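K.L.:
what's the 3D shape of this:
(2 chains)
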Amino acid sequence: MAHTHTAFEGKNALKLESGQTLGPITQCYTTFGSLNATKSNAILVCHALTGDADADIWWKTLIGPGKAVDTNRYFIVCANVIGGCKGSTGPSSINPETDQPYGSDFPVITIGDMVNAQYNLMEHLNIPYWLSVIGGSMGGMQALEWAASYPDKVRSCIPLAATAQVSPTAIAFDAIGRSAISSDPNFNKGHFYGKAIPQKGLATARMIAHITYLSEQSIDSKFGRKLQDKSEYGYHFDTDFQIESYLKYQGDKFVDRFDANTYLYLTKAISYFDMPRKYGSLEKAFSATQAKFLVIAITTDWLYTPAQSKEFVKSLIRLDKEVTYAEMDSMNGHDAFLLEQPDLTDLVQLFLEKLNDN
Amino acid sequence: MTTNNLHYFHKMIYNLIPEKSRVLDLGCGDGALLAALSTGKNTKGYGVEIDIANVKVCVANGLSVYQGNLIEALREFGTKRFDVVILSQTLQEVYDPIPVLEEMLRVGKKVIVTFPNFGHWKVRLQLLLSGSSPRTKQLPYEWYNTPNIRVITINDFRSLCKAHHIRVLDQAPLIKPKWLQILIKPFSNLVSKKGLFILQR
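P.N.:
Numbering: from 1, shown residues only, chains lettered A, B, ... in the order given. Have a look, this model is predicted:
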């Protein structure tokens, strides 16, 4: 599919939840399909921590012609989040005040800020409401935030492998990742652009996070205790086990495509995500929403667990909202939402088709 | 969806539900009853279903459904949250029926329970004549593979309600035609293939 990355240059500075302001900002987005005459077929796809605007590539199991999120049928918008490093304003962008990259001068942002930026994009595209806002993981948090903060702009909300309140365990893993980056000798308080980057710290952060995307079962079955290219222990500290080698590969591959500062800012935004805190309670968060919900959790997801999904489902039920909750029986852990998952794609497809009928 | 597509016993339940009720259907299957109620009687509510294939059909019909087991799902709902809670043809599959019934009576103002009646004369006759566990059109399984792990008769269910102080508002034999229902009501345990109870606490 042809990709047209478009840059939307906002006119005004964005007021952030922290009280600071940012911008005017740029948002890099991609669209698929076309908006119909009644402007009733727009779907916003929100990406996860390391995603970008090319939703049809990283979510090819779900998005494309004839697929569940059918590009022949819907007008699909996906934008790189603010704070990102894939075309939208983030810490690696030039700070107009200094003509240098922001680095750690970039303000701390939240999931709510990302959504507010996307709202400006929606207005810019003349979209009156989203038929659906879909996202997994951090994308699911954005979808939930959309339903809460723009209750009349979201007809349906599909959070996958998500949570409305990031757990201390998840915060802990993100904190270790950030610590790995900030203690890298090349980190230089975030001002490393044009110099050696904190490659090792970023790779380590990715390795740690990657474990949380898998499950005990999938690690056991994929790697077991198998050794990498050897049959005996090496009795040294180089790579022995396949799982070591795999994580190292994941880490090394990641540093070529991701900015260490973006990693800090986006994981911080995730750590701060706590809807009961922001809105007073989950009931208050969702009381006004007109959205219909399809909530899907993964049985072996221990990062954002089924129990955490059920927590906001319970609140939606208390509020008499239309909500379907389903659990995907997969051993692939958190990452399963991005993988081939026929039940998941069927549910999304059927749910969207029914919305479109009405 | 119209009531024409409903099974006879679904239609009987359908007729018992007041307009605009809030309904919880436990073990809702493909959601046929909920869908008919929603279109025909403007009800609102949720289904609970464990089988993902059924969940998909419910979603395709625009219904709200919670995938999970009954007792876990029931605990998600507030007290007297629903006008009617339905457990149709599922009780016989429930390992621990008492807590499920208790939870249903907590979340629902009224509870409708239906189950296959093992007291039916054909079942009795089969056991008497063949000496084998009865197999019927409703219950076509062998003892070792049947999901119907609870053998219930209408009389047994009535005793249970009494022992647990559950008010039986009504009990009807599931039988066609309607005039016959009234006539045979006293003999339900013998002549009705299914039991239907309306309960309250």
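K.L.:
What pLDDT does the model give the nearest residue to B:L37 once chain neighbours are set aside?
P.N.:
What sits nearest to B:L37 in space, not counting adjacent residues and going by Cβ to Cβ, 6 or more residues apart in numbering or on different chains, is B:T43, at 4.3 Å. C-beta coordinates here come from the backbone N, C-alpha and C atoms, glycine included. What the model reports as pLDDT for B:T43 is 96.
K.L.:
Over to B:Q138?
P.N.:
B:Q138 is given a pLDDT of 68.
K.L.:
same check, this time on A:H3
P.N.:
66.
K.L.:
ok so, going back, pull the number of nearby residues for the residue nearest to B:L37.
P.N.:
B:T43: 23 surrounding residues under other Cβ atoms under 10 Å in any protein chain shown.
K.L.:
Distance of the residue nearest in space to the middle of chain B relative to A:A48?
P.N.:
For chain B, the residue sitting closest to the mean C-alpha position, by Cα atoms, centre = their mean, is B:S88 at 1.7 Å. Noted for B:S88: a distance of 41 Å to A:A48, by Cβ to Cβ, to the nearest Å.
K.L.:
ok, longest strand in chain B?
P.N.:
Determined from DSSP state E, the single longest strand within chain B is strand B:108-116.
K.L.:
got the residue ranges for the strands in chain B?
P.N.:
B:22-26, B:44-49, B:65-67, B:82-88, B:108-116, B:167-173, B:194-200.
K.L.:
That should have said chain A, apologies.
P.N.:
A:6-9, A:14-15, A:21-22, A:26-32, A:42-46, A:63-64, A:69-70, A:75-79, A:94-95, A:100-101, A:132-136, A:156-160, A:292-298, A:323-328.
K.L.:
what's the lowest-mean-pLDDT helix or strand in chain B packed up against?
P.N.:
Lowest by mean pLDDT, DSSP states H and E among the helices and strands of chain B is helix B:178-184, with a mean of 72. Applying 3 or more Cβ pairs under 8 Å, 6 or more residues apart in numbering or on different chains; DSSP states H and E, we find helix B:178-184 packed against strand B:167-173.
K.L.:
how big is the angle separating the strand it packs on from strand B:108-116?
P.N.:
Using axes from the mean of the first three to the mean of the last three Cα atoms, to 10 degrees, one finds that strand B:167-173 and strand B:108-116 are set 30 degrees apart in direction.
K.L.:
mind giving me the domain split of chain A?
P.N.:
A:6-166+A:275-357, A:170-267 (automatic domain parsing).
K.L.:
Distance to B:G47, mean neighbour count and mean pLDDT for the ones you listed - can I get that in TSV?
P.N.:
As requested, the domains of chain A are exported to TSV (distance: least, Cβ to Cβ, whole Å; neighbours: other Cβ atoms under 10 Å in any protein chain shown; pLDDT from 0 to 100):
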stretch	distance to B:G47	mean neighbour count	mean pLDDT
domain A:6-166+A:275-357	9	21	96
domain A:170-267	29	17	96
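K.L.:
Those: which one's closest to chain B?
P.N.:
For the domains of chain A, the distance to chain B is smallest for domain A:6-166+A:275-357, at 4.2 Å, taking Cβ to the nearest Cβ.
K.L.:
got a markdown table for the strands of chain A, with distance to chain B too?
P.N.:
A markdown table is the format used below for the strands of chain A (distance: least, Cβ to the nearest Cβ, whole Å):
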| stretch | distance to chain B |
| --- | --- |
| strand A:6-9 | 33 |
| strand A:14-15 | 35 |
| strand A:21-22 | 39 |
| strand A:26-32 | 23 |
| strand A:42-46 | 17 |
| strand A:63-64 | 19 |
| strand A:69-70 | 15 |
| strand A:75-79 | 20 |
| strand A:94-95 | 46 |
| strand A:100-101 | 46 |
| strand A:132-136 | 13 |
| strand A:156-160 | 11 |
| strand A:292-298 | 7 |
| strand A:323-328 | 4 |
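K.L.:
nearest to A:I197, of those strands?
P.N.:
strand A:100-101 (11.7 Å; Cβ to Cβ).
K.L.:
Count the neighbours of B:I86 for me.
P.N.:
B:I86 has 28 nearby residues by other Cβ under 10 Å.
K.L.:
Okay then, goodbye and thanks.
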